[in-house]
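Participant: Sequence plus predicted model, see below.
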Amino acid sequence: MELALWIVLGSMAVNLLVGLYKSLSSGKPSPESVLSSLRDIVSYVLPLMILSGISAMDETGWIVPLAYYVGAVAVVIKYLMDIRAKWRA
């Protein structure tokens, strides 16, 4: 589970760097990219960490980890789409 969280955080960092580059290169720097990253940590990373913590209480051993990995893949796909949209804009 640790590797999936690092992949999610890495995709968030790349998204932040692309957003900062685009805002600085356009000549209109804005704190919105940093604030959106902080908001996304609360919205996406915190639930993943909660799922990781309660996975020890899962009696089946596969329901919570499955939800964790599906959520992690969904977040990475979201950030890849955001990075692609920012880079083309």
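Facilitator: Thanks, I have the structure now. Numbers count the residues shown, from 1 in each chain.
Participant: lowest average confidence, helix or strand, in this structure?
Facilitator: In the chain, the helix or strand scored least confidently by mean pLDDT, DSSP states H and E is helix 32-40, which has a mean of 92.
Participant: and the helix or strand following that helix, what does it pack onto?
Facilitator: The helix or strand immediately downstream of helix 32-40 is helix 46-54, counting by DSSP states H and E. Other helices and strands packing on helix 46-54, by 3 or more Cβ pairs under 8 Å, 6 or more residues apart in numbering; DSSP states H and E, are helix 2-25, helix 63-88. C-beta here means a position set from N, CA and C on the backbone, and glycine is covered the same way.
Participant: what are the C-alpha coordinates of the shortest one, in PDB please?
Facilitator: Written as PDB, here are the backbone C-alpha positions of helix 2-25 (Å, rounded to 0.1, in the frame of the first residue of the first chain):
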ATOM      1  CA  GLU A   2       2.900   2.300   0.600                       C
ATOM      2  CA  LEU A   3       4.000   2.300  -3.000                       C
ATOM      3  CA  ALA A   4       0.500   3.300  -4.200                       C
ATOM      4  CA  LEU A   5       0.500   6.200  -1.900                       C
ATOM      5  CA  TRP A   6       3.900   7.400  -3.100                       C
ATOM      6  CA  ILE A   7       2.700   7.100  -6.700                       C
ATOM      7  CA  VAL A   8      -0.400   9.300  -5.800                       C
ATOM      8  CA  LEU A   9       1.800  11.900  -4.100                       C
ATOM      9  CA  GLY A  10       4.200  11.900  -7.000                       C
ATOM     10  CA  SER A  11       1.500  12.500  -9.500                       C
ATOM     11  CA  MET A  12       0.200  15.300  -7.200                       C
ATOM     12  CA  ALA A  13       3.700  16.800  -7.100                       C
ATOM     13  CA  VAL A  14       4.100  16.700 -10.900                       C
ATOM     14  CA  ASN A  15       0.600  18.300 -11.300                       C
ATOM     15  CA  LEU A  16       1.700  21.100  -8.900                       C
ATOM     16  CA  LEU A  17       5.000  21.700 -10.700                       C
ATOM     17  CA  VAL A  18       3.200  21.900 -14.100                       C
ATOM     18  CA  GLY A  19       0.700  24.300 -12.700                       C
ATOM     19  CA  LEU A  20       3.400  26.500 -11.200                       C
ATOM     20  CA  TYR A  21       5.400  26.500 -14.400                       C
ATOM     21  CA  LYS A  22       2.300  27.400 -16.500                       C
ATOM     22  CA  SER A  23       1.300  30.200 -14.100                       C
ATOM     23  CA  LEU A  24       4.800  31.600 -13.900                       C
ATOM     24  CA  SER A  25       5.400  31.400 -17.600                       C
END
